[in-house]
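> The following block contains a protein sequence and its predicted model.
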Amino acid sequence: MKVSDIMTSPVHVMGPDEPVSHARNLMLRHKISTIVVVDRDEMVGIVTKSDLGRRLAQAEPMWRRRPIDKVPVKMIMTEDPVTIYPEASISQATEVMIDNDINNIPVVNNGRLLGIVTRVDVVRHMSELPSDKKVGEIMTLDPIFVHRHHTVNHVVDEMESNKVSKLIVTDDTGEAVGIITTRELALHVLANNEGELPSKSIKMARKPKSGGEKVYRYVKAVPLVAEDIMANIAKILEVGDPITEAAKVMIDKNVTGIPIAENDEIVGIVSRTDVMKAA
């Protein structure tokens, strides 16, 4: 099969001077993760949901204090993105993604944008292919854990310091209750049109009156915590499960990572990249 057989088309585009908020709205409205940036009909960059989540959450970018409707997308886009031609093989596209650590490749022919091939497209293709490999052979060992009450700032710090894009969230007993990836981070950062990480409001109350009625004193803004942004764990696989099962779960449940267990203990995590490397 060729890249043109699995690519997504048409592609959503925007101009380099349009605001990040427009990219956010396109992604949320059309349930997409990638937008190609075009200037005078020429592709000049690409921006992904993961880019937005990672860069908007950075501690001190130049534009940190500006709301995202004032930040042009050219400030966070990846310039001169890697491209591929429609007749290339899927294995070539996979190799390009892994070697360049990218999630999407615009498909171009004679300078014309035809479509885009994503990791989702590749994993969907792999889910339909037979394989004897097990998830225990390809998983990333020693996943990073955060507590459900850790702040989003702590989550970002853990991702940055450990150079990971996925974390497992645990409760007070140590049981895995959720997962956070750069996608979840992007969705919640993008939900806020301001230049700060989002917060939530809680009502502070005095002691209840007779009859149980509470008298609210004031509303306080507090940082979001891990359980506010985490996604449910779609499924926990065992180390002996086939990688095709991981690929199918990723596509069916629209997830980018799956915890892997051995003897009732989570010992690893499988990502789309891990699955693609096994091809």
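Good, I have the coordinates. Residues are numbered from 1 along each chain as shown.

> CA only for contacts and neighbour counts going forward, please
Will do.

> Secondary structure element for the residue most central in space within the chain, which one?
Taking C-alpha atoms, centre = their mean, the centroid of the chain lies closest to residue 183, which sits 2.3 Å from it. In the assignment (DSSP states H and E), residue 183 maps to helix 182-190.

> before we move on, what about residue 107?
Residue-wise, residue 107 maps onto strand 104-109 under DSSP H and E.

> Now the element after that strand, going C-ward?
Downstream of strand 104-109, the first helix or strand assigned by DSSP H and E is strand 112-118.

> what's that following strand in contact with?
3, 6-11, 43, 93, 103-108 (C-alpha atoms under 8 Å, 6 or more residues apart in numbering).

> and these, which two are the farthest apart?
Farthest-apart pair in the contacts of strand 112-118 is 6 and 43; separation 21.1 Å (C-alpha to C-alpha).

> who has more neighbours, the two?
Taking neighbours as other C-alpha atoms under 10 Å, residue 6 and residue 43 compare with residue 43 leading, 22 against 19.

> neighbours around residue 254, how many?
For residue 254, the neighbour count with other C-alpha under 10 Å is 11.

> For residue 78, see how far away residue 44 is.
8 Å (C-alpha to C-alpha, to the nearest Å).

> er, residue 132 actually
In terms of C-alpha to C-alpha, residue 132 sits 37 Å off from residue 78.

> count of residues packed around residue 226?
26.

> tell me the contacts of the closest residue to it other than its chain neighbours?
The shortest distance from residue 226 to any non-neighbouring residue, by C-alpha to C-alpha, 6 or more residues apart in numbering, is to residue 148 (4.9 Å). Residue 148 makes contact with 169, 170, 171, 225, 226, 227, according to C-alpha under 8 Å, 6+ apart.

> same question, residue 107
3, 4, 7, 83, 84, 85, 86, 113, 114, 115, 116, 117.

> Make CSV out of the residues you listed and add pLDDT and neighbour count.
Listed next are these as CSV, based on pLDDT from 0 to 100; neighbours: other C-alpha atoms under 10 Å:
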residue, pLDDT, neighbour count
3, 94, 24
4, 94, 19
7, 93, 23
83, 94, 17
84, 95, 19
85, 94, 20
86, 95, 22
113, 90, 19
114, 92, 18
115, 93, 22
116, 94, 26
117, 94, 26
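
> mind putting these in JSON lines, distance to residue 50 included?
JSON lines is the format used below for the contacts of residue 107 (distance: C-alpha to C-alpha, whole Å):
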{"residue": "3", "distance to residue 50": "23"}
{"residue": "4", "distance to residue 50": "24"}
{"residue": "7", "distance to residue 50": "20"}
{"residue": "83", "distance to residue 50": "19"}
{"residue": "84", "distance to residue 50": "21"}
{"residue": "85", "distance to residue 50": "24"}
{"residue": "86", "distance to residue 50": "25"}
{"residue": "113", "distance to residue 50": "22"}
{"residue": "114", "distance to residue 50": "23"}
{"residue": "115", "distance to residue 50": "20"}
{"residue": "116", "distance to residue 50": "16"}
{"residue": "117", "distance to residue 50": "16"}
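
> Out of those residues, the closest to residue 165 would be?
residue 117 (20.6 Å).

> which one is residue 12 nearest to, not counting chain neighbours?
residue 35 (5.5 Å).

> And the contacts of the helix or strand the one you found falls within?
Assigned by DSSP H and E, residue 35 belongs to strand 34-39. Defining contact as C-alpha under 8 Å, 6+ apart, one finds that strand 34-39 is touched by 11-16, 23, 27, 43-49, 77, 104.
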